[in-house]
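**Student:** sequence-free structure coming up:
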């Protein structure tokens with residue numbers, strides 16, 4: 001009979017990433033099967049080493065047309081497993097391919113993780129997720145029958161639903177799915193929504209961010225320009241009375257930091273007659289409780305920039321990098 005372990009990610013220190021990596025400890029691996037609703041590049045990175053070590057035996061079924069599975073995530077999977085990556089498109093945003101399971105089958109044993117965890121950073125580490133890890137003895141007829149049913153059931157999908165379960169032969173096919181809106185672009189996420197915060201007078205939402213047993217892993221911002229060019233869209237017209245060169249901001253951004261209430265110094269406003277504006281501001285934790293500001297901005301947010309060493313005014317070696325920013329004021333891109 002299969003051995004069982006319950007995983008309650010977030011409320012315990014055990015993550016689904018830990019469990020999925022442990023699946024690969026079985027001997028003589030013959031097949032690796034993944035079936036997930038959502039895929040992101042940062043999720044693939046969590047188990048990439050294990051997948052690459054057994055790439056020839058990996059097969060993936062990933063849901064699309066759900067506004068979450070991304071071009072970046074599937075492209076990274078395709079670079080590992082090649083044409084053994086299948087997309088599952090139900091043809092409707094109201095019906096989502098939603099089974100989440102990770103199976104590694106060896107010659108005499110098989111291990112399975114099944115539950116709520118998708119192949120995303122949230123699913124494998126950051127979210128509160130529940131799942132079961134099962135260890136099967138394939139010499140046991142009942143255990144073998146379950147594993148066989150999982151493998152054969154998923155393997156039959158391309159044959160039974162050829163218009164909906166499609167093998168990805170080349171990244172160009174993912175490009176077309178991105179263009180048609182069936183895949184998401186991780187560099188163009190929905191605009192930020194108000195976040196819960198206990199800080200600040202008159203805050204409408206006083207629920208502080210939950211502190212879980214595992215530290216969150218922050219997604220590394222990818223270098224821009226990795227995706228194919230999208231079809232050109234007409235630039236939005238400036239509203240009546242807007243200054244020349246100002247257009248309505250149409251790009252979507254991902255929030256990566258939120259400040260505490262700004263001080264006069266943060267706004268470079270002198271506090272006295274003999275004070276001078278600094279022309280700069282510092283980036284601390286702000287309202288984020290789970291980051292190390294010393295490394296977070298350098299490695300996660302601005303790690304893709306071209307950094308170089310220089311001697312600062314104090315004669316110490318420091319790093320600097322140049323970046324271009326968009327300034328948006330009240331919905332207007334200046």
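**Tutor:** Good, I have the coordinates. Computed from a predicted structure; not experimentally measured.

**Student:** for the top strand by length along the chain, packing partners?
**Tutor:** Assignment by DSSP state E gives strand 129-137 as the longest strand of the chain. In this structure, strand 129-137 makes packing contacts with strand 3-9, helix 16-23, strand 109-115, helix 141-155, judged by 3 or more CB pairs under 8 Å, 6 or more residues apart in numbering; DSSP states H and E. (Glycine included, C-beta is placed from N, CA and C.)

**Student:** now the third one, how far from the centre of its chain.
**Tutor:** Read it as strand 109-115. Its chain's C-alpha centre and that of strand 109-115 lie 23 Å apart, by CA atoms, centre = their mean, to the nearest Å.

**Student:** ok, residues contacting it?
**Tutor:** Around strand 109-115, the neighbours that count as contacts under CB atoms under 8 Å, 6 or more residues apart in numbering are 7, 16, 19-20, 22-23, 25-27, 100-104, 129-138, 143, 147, 150.

**Student:** ok, now with 6 Å
**Tutor:** Residues from elsewhere that reach strand 109-115 (CB atoms under 6 Å, 6 or more residues apart in numbering): 19-20, 23, 26, 101-104, 130-136, 147.

**Student:** partner strands of that strand, parallel or antiparallel?
**Tutor:** In the sheet, strand 109-115 lines up against strand 101-105 (antiparallel), strand 129-137 (antiparallel) (DSSP bridges).

**Student:** and residue 61, which of those is closest to it?
**Tutor:** For residue 61, the closest of the strands paired with strand 109-115 is strand 101-105, at 9.5 Å, according to CB to CB.

**Student:** for the protein, give me the ranges with low pLDDT.
**Tutor:** Where the chain drops to pLDDT under 70, the residues are 189-205, 220-254, 330-331, 333-334.

**Student:** helices of that one, start to end?
**Tutor:** With DSSP state H, the ranges of helices along the chain come out as 16-23, 41-46, 48-53, 71-81, 121, 141-155, 157-160, 171-179, 293-295.

**Student:** which strands and helices sit next to the fourth one?
**Tutor:** Applying 3 or more CB pairs under 6 Å, 6 or more residues apart in numbering; DSSP states H and E, we find helix 71-81 packed against helix 41-46, strand 58-63, helix 171-179.

**Student:** residue 309: which of the ones you listed is closest?
**Tutor:** helix 41-46 (27.8 Å).

**Student:** now the longest strand of the chain, how far from the centre of its chain.
**Tutor:** Relative to its chain's centre, strand 129-137 lies at 23 Å (CA atoms, centre = their mean).

**Student:** what does stretch 129-147 give?
**Tutor:** The gap between the average C-alpha position of stretch 129-147 and the chain average comes to 29 Å, counting by CA atoms, centre = their mean.

**Student:** go on, stretch 83-102?
**Tutor:** Relative to its parent chain, stretch 83-102 has a centroid offset of 17 Å by CA atoms, centre = their mean.

**Student:** quick one: buried residues of it?
**Tutor:** 84, 85, 86, 87, 88, 89, 90, 96, 97, 100, 101, 102 (16 or more other CB atoms under 10 Å).

**Student:** the fifth one is in contact with residue 66, isn't it?
**Tutor:** Read it as residue 88. No: counting by CB atoms under 6 Å, residue 88 stays clear of residue 66, with 9.9 Å between them.
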